[in-house]
Structures are given as structure tokens and as C-alpha cells.
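Chemist: Only the shape, not the letters, is given here:
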């Protein structure tokens, strides 16, 4: 296993050169005391923790997995100490509300931090990632007492959190859930039902675990309008164990160090979070946080795969360059001389560095949405966040998986055996395309709810904003072409969907990919504008050229497949599948 | 795990309707006694064995894996009995040379047989697949005594075979191997060296295991022209155990029931196969057989994934159709109402059924190359085999992996847990893109050796042949467009490569994919021509429409990325990776 090395230098470039973080922060009162030196120090510390504490447990935690011992769910060896270091260092409260012991630092700064934690050990970080998301949800929808009691514990990682949505028969379609909440005399509720796929639902890393559970109140309206959100702690205030438990943990393809539980609630004590029947909307606060986080997981695993395969390609000697030996004293040249190996590495790099800029950009929008001075600015930024969250979740995780597979391919047969660790990255990267709403669901959310519902205005606004930014001259024409493709496709999608209800679902995955490519094209043209080609530069111009030559042309296929609409997709009757 | 069901009906369609097997066989003297009834009976028997004997061991053999016990390599439980049934039924000798106890049936018939065996249990069939390939190699290059001794044992599966090429430092670049062969007084050779990644190199399923080993004779020329091929049996004629052993077996991402050994030869007794220093060319007989077989593995796993995800989609109720409930009495509609689920299933189906036709077509070319009456016909067919072998290996296995990933995505979270079996298909399908020469190496072989070396003549000949076949009218224009893209790209590739030695490697993966899509487009247009749309048909017209609307348009992207050549790929100096 190649050791993980935090890409601090590229993170600094993205935050301070590409996104001008200092100017942004100086314009927000909340970040009056945040400057570049502080931010870089935080990143450096986080990087050390990732590389020195978390990453060394990556292979062993996969081999051991989370497991049952004496009726308790145990995380893999070493996780307890590492988690205490992560929690004790305050890393779950970095962007937390300062009124409740959070550190109040910018979200844009937590994005690269999260990336490093995901790169270093996705299974380990998963115990914390949902904790941060739950804190955001409670901070937004909880009452004062709940915030005071719970937030400091979550920010400090003494407690962790889980989200309990899915039931065996109800995944995407949460309106079908059967878990019930019965009001008790003391104002609490008795929660009864069984939830599956509960990440960190039970484990031995924290003193307490709070579950955010979706359940139905008596006489609640049918479907998704009748769902309420409850906080259900493993241990109650008086130290009693609440009446729920982990019936079993799943054996999974990857993220094997993360404990995924089936949880049965038997009249467990729960506290209503937000208003009755408003649970799905409230839970979406956590889900949107988690979607961004999972996108960053895709980025982190893509970076890990890139580092691993680049290191291997440098060392592996095999064959000779087509233009004559490059390592004439050696038995063979490094495989970096082979164009196809370069193609695989450059594809990974273009998507990883593009993804890093994209995720940080959305982090910035989140900061603006919360802290910008004017309502107008805040609303515009929130619009961008709403629009781009499913794109981060789906496009970045798809690229993470693609990158992991390419990295494995660079290794050849050595990539298929457990020893080198790259096959673990593939297995781990795969989950990010599936959980927190499959990428197909993200695409449908993006297309139908985020683009079509407002007549394409938010997307056109984003494209308009991107069009005015200064980009490297040579990319200006192809970038305009990509934007034109997005605009034209959006228009024809609006027209087509009005006639054909199946149109959005039939093209949504392609449409999200088209927009993702367009956004990355913009970011690469921006990065190229800021960097210089050749020696002394960061190779941004060179990688941008590769992106435009080899990856962006997929838009020409996507335009056609989107234009083909739903006809061929819907033609076959159900019984002929 | 959904039970595997042999797709006998579609196989019959491919062989007898699409490829007109009866007419073909009646034109070849070797197959005078083969008719449709016999062929269908063979397929039905093979299907039973696959479904009833091999498939039930699929999940358990993954969980148990091949393993060491008391210093011996053991295949998973149940494999011994199943393998004896497979071997005893003569399934490894179906297309074998009748002079040595083979059955002499057409290769085109073994293609669907192999598909079923790969679908049912790839790890188990792997013990036999290489045995068949080794028999082809020995039949072609071995002397009479070797054939007489070894072939009946291999056809009968009493012995199995392994190919020992790779060393830790020498994978693709076999010129670098260090294994040595020293002549002994009795005409045999002493083989010394260590080979890795030896599939079925040691196991407990057969009485003897013969290794086909690449090694260098004393004073052999440097590089790949100094390699010779040796047959090295585990047990010698007198029953003595030869001096080699399995130093360890690999822990792998998938095909865990297959034993992959590191083998150390310590002056092991070997027999030269073919002439000295002609080993690589001779081994290519086996490798080409194995490449076709591995392509069919991709097909088989794609079919298994398709069956599994289709069954799940039928049963899984979630959400409602965008055009109103389709299962109004139920709590929700089946997910088959959702366009994106259909997209995933139809993509799998288009590639699987297209791949089935493609593999059988290449099987037919192999039969013609061996048994056609005229030299001209035999040479033309051999040209098609040489050209298309890397396309079968790479394009079909890439589609197999794509299909497995899509199937897993159809399952959502249920696809990530071990229980449903689909994640195993993903892990198993992945190897087919890597072993027998990575798909990148296949693309390079195809582009540089099979297309550019003869000035594009073989490929243009194939395109010309395809252009004259009758296809369904509505696909005629887009098919011509795809052929034009192949022709134009070949021309520009020829021109570009003359100037730029890195050009072939920089575009080869895209070029192979372009050709693969073109061939599948032709096969779909052919299949649509033979079938009828709507009720009573086989849905070939409908799936063809999906292929043309949603999958073929990728050629518009590939044309551009190929046209972009090597510049952006080679620009970055090695030290900046």
C-alpha cells in the first residue's frame, strides 16, 4: 500500500488562488478572524492526522472489518484510539456553531479537510461524517434545549450520530415507511419499527449514539407528507439504555471497517425534531450535508487512487517508449512512457483536481448562503447550493469510481490482488455512488426538481455567472460550446418534458453528466488562466488541455442521447424485460 | 442470489437465425454430422450442468475461497464433485481434435457453452478454460507423442493445464523473463525460476496439472525472440512429483474460488513444445484462445448480472410511474416503471445480446479458418479472427464490467451487501478486463498490430463485408455513419501514426471502443432485420432502437478524442506526474 500524502499545495491553490478565499472571508463578518495562515495551519494539522493516524489503519481495518463480539458491535482494531484523536482534536466541530462549542470556521475550509479524512480512511471517517451532518440538522431544526444538550457532544465527538431512514421495503420511496411514533405522557415519543443500512448505528467508539429517525405519528397523512423526525439516543439522560439495538451488521463489498446495522426500535424514547409531519424536509438538511460529504468521499478516494497508481507507474519498468528508450541503462522504461498509462493517470488527475475545485466552490457557496451580507447574495448562493448538491454527489462520486478503476488498471494484475491496496479503493469508492440516494436519484432530483421546476432559471443563472469569469484564452471557444450545449439541452428538455412525463427520468443521468463536464470545463479554464504552463507552473494548463482534448468531447455524445428522449427507453412493455 | 437460467432461446436465435449455422456447417466436411438438433441438445445439456451443478456453488465458493490446508492448495467445497461432472461429461473436449479423443464439434457451438459455464461459476470454470486453451496449443505445436499422451487427458479433464508466463517484474514485457531452461542429457530440460499469477497452477481437482512455461534456453537471444515454451507436468510419467510447487496463493478482489499461485520451479523437468526460441509465438496460440475465452467470461458475467438485476427490478416496488400508477392496488409500482431503471437494464441487455452475437460470430470465423473448403475462405476468416480477438477480449469484458456495475446500481443499497450476490459479479467481472493482457494492451495490439501494420486492410475488409449484409431499414443510415466514422478514423490514424509514434497508444482504447460499437451496431441491425417488432417477436427491434438512440452516439465523442491525437497525452514531462 502506497502511503497517503495530503495534497496541501493543491488545496492552497484552489482556496486562495482559484476561489480567492481571503477576499471572500474578509467580506463576511463571521470570518473576521480567519486568515490564510490560520487556514493553512488547520489544513496542515488535519493532513498530519489523516496521514499519520488514519491512513495506517486503512488496510487492516478492511481485513478485520467491523464485527460482533459478545453481542456488541466493534469497530476494527485501532479505530477507537484514532477516533478519539480525531474527535478530541475538535475536527467534527470545525464549521460548527460557536454558540454551542463549534469553531465557526468556513465550510470551504472543511471541504479539503474532509477530503483528506476520506482519502486516509473512509470507513473510520464515516463514524464522524454523519455526526457533523446531524449537528447541522439539529442546529437548524432543533429547539434550544436539544442544541445545548447535543451539539457540544457531537462537535466534540463524545457522541456520534446516525441517520435512520431506510426500511427493507422503503429506500428511495420514504413515503412507505412503517416505523411509528406514539406520543408519551412526558412529551417524548415511543418509536417502534425496524430500519436497515444504518451506518454507525451501533459501535464502540463513542459514549452515546444519537439516531435521527424518520417515523410516522398516529393519524399522519399518507406518504411523504406524514413523516416526522425524531432524535433517539442510545443512552437516555439518566444513563439508561434506550430500547433499541443492532439486530445484525451487514457484510459489504467495501467500507468494511464501517458498521452498518439493522436497528430494531422497540418503543424507544425519541424527541421530536422540528414540527410534526415536517420530518422529510428537516431530514433533508442532514441529507444535503451528507450528499456533499459523500461527493467529497468520491473526491478523496479518487485522490488516493491517483496517488497510488502514479507511484506505481513511476516505479514499474515495462517495455520501451515508442520514441526510443527513456531509461536506456535500465532493463525497461517506466510505464509512464506509454501513452495509454498517461491517459489513465491524466484522466484521474483531471477529474480529481477538477473535483477538488468544484467541491470547494460549493463549500464557498454554502458559506455565502449563510454569512454573506446581503439577502440577495445569500439567496443566490443558496440557489447554487441547491442546484449543485446533486451534481457534487453524483458526478464527483462517479469520477471517483472511474478513477479508482483506472488506478487499478494501471497496476494490471497487481491491482487485482489485495496486497497493493488499490482493489480496496475500488470497493470503497463504489458505495459513494449508491448511498445517500443513488446517483440515478441525484440525477432525477437535479433534472426534475432543480432544473425543470424553475424553468431552468437557476441553471441558466449559473451558466451566465460562469460565462463572465476570466478563462484561459485557448479554452474560451470550446467552453462556450459546452455552455451552449447545456443551454440548448435545457431548453429542449423543458419543451420535451412538458409533453412527456418520462422524459426527465430517461435523460437525467446524461444531463447531470453534461452539466458536470461543463462545470469542470469552466474550472479547468479558470485554473489554467491562473497558472503558467511549463516549468515553475502547476501543470494546470497541460492538464486542462488534456481535459478539453480527451474528456470534454463526451458532451457531443450526451447531446445526442439526451435529444433521443424517452421513446426507446419506454417502448418495451414491462413483461418483456 | 437469483438462480441462473441458461438463455438457450437467444443462443438458438444467434446461431441459427443470425449466423445461419446449419448452412455454414453443411459447407464444412468436418461438421457433416452436426445438425441443429444435435447442437441444441448439447446446449441444453450444458445449460443443465451450468444451472444445476455449477451455479449453486457460486456464493459459497466466493465466501470460502481457494485455500491452503496441510500444505496443499484446495479448491472450495463442492468444486471437486462439480469439476468431475464437468470433466467426465466431456465438456473440455467439445471442440477438441477427434484424433485424440476430442469431439470435433464446431467452435461456434462451444462459445454459448462457455458463456453458460462462465455465467454459472467463473471460478470453477476457470480450472477448465485454460485446460481447453492448452489443448489447442499442444494440438497445434506439440509433437505426436506429446499430443497422444496429453490431449486425451486434457479433453477428459483428468489433467488440467496452467499457463506460466508472468514473473514479478515481467508482465506485459515478457522479453524480460528470467526463468531458465537448461538442456538435460535425456532430451528434457531443467526449468528454474519463479512465476506469479498462475491461475490453476496448483489445486486438488485433477490427477495431474501440466504447466505451459515460458523460459529462456542458454545463449538465447535477448528479449522476446529468445523465449521458448515448455510443458512442465506436476507428476512425471513414472508418477514422481516434479520439482515445483505453489509457494503461496493470492488473496484477490474476486474469482476467489480460483486458486492463483506463485510457482517456483527448481530444476523441474520440462518438455520443449515447438521449436527453440519460438515460444512466444507458440504461446500466442493459447493466449488467443484464452483471450476469446475471457471475452466470453465478460459476456457470461454480463448475462448473470442482467438476469439478477432484471429479477430484482421486477420484484422491487418503489415509487410511482411518472405517467400514473401502473400497479394501483400495490403500495408502489415496480421500479421497471422508472425510465432510469429501464436505461440500466436495456444497456445491459443491448450489450449482452450484442456480445453473444459477436462472440458467436468470431467462433464461426474460427471454424471457417480451420475447416472452410477454400484456402481463400480460410485465410479471410483467419484474418477476421486475428483482427477481432482483441476486440472480443477488451470490448466484451468492458461491457461485462459496465453491465455488472449497472446491475449493482439497479439494486441500490441492496447491491452493496454480500447477501444478494450482485457485488460478487462485479468483483468477478473486474478480472476479465485485467488478465490475459490488460484491455489497454488489447487495444494497442488491435490498433498497432492488427490495423496499422497492414495499412488498415483487414479492418476495411471487415467493414466492407458488414456493409453488404442486409440490415433493418431504419438503422441503415446511422450504421453507415458509424462505418464512415471507422473508415475516416482509420485513415487519419494511419496518416497520424506515420508522423507520431505515440499516436497509436494515445488513442488505442478509444479506437477499439469505436470499432466495437460499430460491430455491435451492425449485429443489432442484423438481428432487428431477422426479428419482428411487437408481440410475438424477441424485442430485437426495440432493443436495437435503444442501442442506436442511447449507446451508439458515443462514437461522436470517440471520433473527437481520437482526432485529438497524442499531444495532450505526452505533453507533461515524466517528473510532473
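Modeler: Good, I have the coordinates. As the structure is a computational prediction, the values presented were derived from the model and not from experiment.

Chemist: Next up, the contacts around residue A:572.
Modeler: By Cβ atoms under 8 Å, 6 or more residues apart in numbering or on different chains, residue A:572 lies in contact with B:342, B:346, B:539, B:542, B:543. (Each C-beta comes from the backbone N, C-alpha and C, glycine too.)

Chemist: how does it look with 10 Å?
Modeler: Taking Cβ atoms under 10 Å, 6 or more residues apart in numbering or on different chains, we find residue A:572 in contact with B:336, B:342, B:345, B:346, B:349, B:539, B:542, B:543, B:545, B:546.

Chemist: Retrieve the pLDDT associated with the fifth one.
Modeler: Right, the one you point to is residue B:349. For residue B:349, the model assigns a pLDDT of 98.

Chemist: how near is it to residue A:389?
Modeler: Residue B:349 is 32 Å from residue A:389, where distance means Cβ to Cβ, to the nearest Å.

Chemist: give the contact list for residue A:534.
Modeler: Residue A:534 is in contact with A:541, A:542, B:571, B:573, B:576, counting by Cβ under 10 Å, 6+ apart.

Chemist: count of neighbours near the closest residue to chain B within the stretch 51-200 of chain A?
Modeler: Distances between the stretch 51-200 of chain A and chain B by Cβ to the nearest Cβ are smallest at residue A:173, namely 4.4 Å. With neighbours defined by other Cβ atoms under 10 Å in any protein chain shown, the count for residue A:173 comes to 19.

Chemist: what two of the contacts of residue A:534 have the greatest distance between them?
Modeler: Across the contacts of residue A:534, the longest distance by Cβ to Cβ is 13.5 Å; it joins A:541 and B:573.

Chemist: ok, the two, which is more surrounded?
Modeler: The neighbour comparison of residue A:541 against residue B:573 (other Cβ under 10 Å) goes to residue A:541, with 21 against 12.

Chemist: Let me see the contact set for that one.
Modeler: Counting by Cβ under 10 Å, 6+ apart, residue A:541 touches A:472, A:474-475, A:524, A:527-534, B:571.

Chemist: Just the buried ones out of those, please.
Modeler: A:472, A:475, A:524, A:527, A:528, A:529, A:530, A:531, A:533, B:571 (16 or more other Cβ atoms under 10 Å in any protein chain shown).

Chemist: okay if I get those residues as JSON lines plus secondary structure?
Modeler: Below are the buried ones among the contacts of residue A:541 laid out as JSON lines (DSSP: H, G, I helix; E, B strand; the rest coil):
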{"residue": "A:472", "secondary structure": "coil"}
{"residue": "A:475", "secondary structure": "helix"}
{"residue": "A:524", "secondary structure": "helix"}
{"residue": "A:527", "secondary structure": "helix"}
{"residue": "A:528", "secondary structure": "helix"}
{"residue": "A:529", "secondary structure": "helix"}
{"residue": "A:530", "secondary structure": "helix"}
{"residue": "A:531", "secondary structure": "coil"}
{"residue": "A:533", "secondary structure": "coil"}
{"residue": "B:571", "secondary structure": "coil"}
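
Chemist: I believe residue A:560 is in a strand; please confirm or correct that.
Modeler: No. Using three-state DSSP, the assignment for residue A:560 is helix, not a strand.

Chemist: So for the longest strand anywhere in chain A, what gets flagged as buried?
Modeler: Looking across chain A with DSSP state E, the single longest strand is strand A:260-272. For strand A:260-272, the neighbour count (16+ other Cβ under 10 Å) marks A:260, A:261, A:262, A:263, A:264, A:265, A:268, A:269, A:270, A:271, A:272 as buried.

Chemist: in which helix or strand would I find the closest residue in space to residue A:101 that isn't next to it in sequence?
Modeler: Excluding the flanking residues, the one nearest residue A:101 by Cβ to Cβ, 6 or more residues apart in numbering or on different chains is residue A:152, at 4.1 Å. Assigned by DSSP states H and E, residue A:152 belongs to helix A:144-155.

Chemist: Given the helix or strand just after that helix, what are its sheet partners and their directions?
Modeler: Later in the chain than helix A:144-155, the nearest helix or strand by DSSP H and E is strand A:159-164. Its sheet considered, strand A:159-164 pairs with strand A:208-215 (parallel) by DSSP bridges.
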